[in-house]
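In: sequence-free structure coming up:
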Ligand SMILES: Nc1nc2c(c(=O)[nH]1)N[C@@H](CN(C=O)c1ccc(C(=O)N[C@@H](CCC(=O)O)C(=O)O)cc1)CN2
Ligand SMILES: NCC(=O)N[C@@H]1O[C@H](COP(=O)([O-])[O-])[C@@H](O)[C@H]1O
């Protein structure tokens, strides 16, 4: 079972010029004139009115046009979240483009998928053994900037993101964790270890958390979560599968919101997602 609470109370945001709510796209229910026409003159007049309205709406949407975002994804394993985000970019549900894949395991499944889809693969950090391969933290920041990366998405990446990168991309690095933070997070809690800890605790709910990344593991501002029921005789693998299915949905939804600039920061520092269907609602 998945639940998601919609917040639509009075919100206060840091003072900044209010952004006009864009006119909703033309939809029959919203834009069809519904009164009976009296004569051919009325019909002609109505066509003029509707044409003007359409032009104004299109013009407004053009003014509000938001640029596609450039995304870099970091993985260490199979990369199923990475693949779902890529499918979203290709399919049109995400207004973004995957320009880089970064990994600490250059032969992992995510890296193989990137190479077979023409996405450049970078190795970070440098392997411990003496090797020319791999980037230093400074080199990594430089490359991300050269590619014009707007957002960095961690998806099963198992190394600590260095402070240099966190500082270079403030409020622009996201991570997905397979449990409801702040519980079951931190150093040593990743992959199946997380689900084993959840089951051992007797928690009745788990589920993915998407949060902004700071200098420590799993302590950044929480942006999105969804709850997944823990079943009494769940194995770690069964729970992992249910949570991963929910991760795939949640990450694509959040990345779509990021690319559409629908993240709003409340004055107390909590980030919220503005509803796509009703701009007055946040969650
Ligand atoms: N600066 C940050 N870096 C990273 C974060 C973060 O929040 N801030 N999130 C992690 C992802 N993650 C949980 O979501 C996570 C990944 C790995 C570990 C961990 O304990 N790793 C081991 C090494 C594991 C390995 O090399 O196989 C360790 O550091 O000893 C904890 C949490 C990504 N980076
Ligand atoms: N703490 C980090 C962590 O455990 N991340 C988890 O690794 C898996 C990666 O799967 P994927 O490679 O198939 O996307 C995901 O379940 C993700 O939440």
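Out: Cool, got the structure. Keep in mind the model is a prediction, meaning the values are calculated, not measured. Ligands and ions are numbered 1, 2, ... in the order given.
In: In contact with residue 206, which residues?
Out: Contact partners of residue 206, counting by CB atoms under 8 Å, 6 or more residues apart in numbering, are 178, 179, 180, 184, 195, 198, 227, 228, 230, 239, 243. Every C-beta, even on glycine, is put in place using the N, C-alpha and C of the backbone.
In: In this structure the second one contacts residue 207, no?
Out: Yes - because the distance of 7.4 Å satisfies CB atoms under 8 Å, residue 179 is recorded as touching residue 207.
In: shared neighbours, the two?
Out: Residues touching both residue 179 and residue 207 (CB under 8 Å, 6+ apart) are residue 243.
In: Give me the more crowded residue out of those two.
Out: Neighbour count, other CB atoms under 10 Å: between residue 179 and residue 207, residue 179 has more, with 25 against 22.
In: Next up, the contacts around that one.
Out: Neighbours of residue 179 in contact, by CB under 8 Å, 6+ apart: 185, 189, 194, 195, 197, 198, 206, 207, 208, 209, 243.
In: Kindly recompute the last result at 6 Å.
Out: Shown in contact with residue 179 (CB atoms under 6 Å, 6 or more residues apart in numbering): 194, 198, 206.
In: In the protein, which residue sits closest to ligand 2?
Out: Relative to ligand 2, the nearest point of the chain is residue 156 (2.6 Å; CB to the nearest ligand atom).
In: Would you mind listing what in this protein touches ligand 1?
Out: 154, 157-161, 166, 175, 177, 187-190, 213, 215-218, 220 (CB under 6 Å from any ligand atom).
In: Flag every buried residue along the helix or strand containing residue 89.
Out: Here residue 89, judged by DSSP states H and E, is contained in helix 80-91. Across helix 80-91, burial judged by 16 or more other CB atoms under 10 Å covers 80, 81, 82, 83, 84, 85, 86, 88, 89.
In: which stretches of the stretch 151-283 of the chain form strands?
Out: Here the stretch 151-283 of the chain has its strands, by DSSP state E, counting those that start in this stretch, at 151-154, 173-177, 205-206, 209-212, 222-225, 228-229, 263-265, 271-273.
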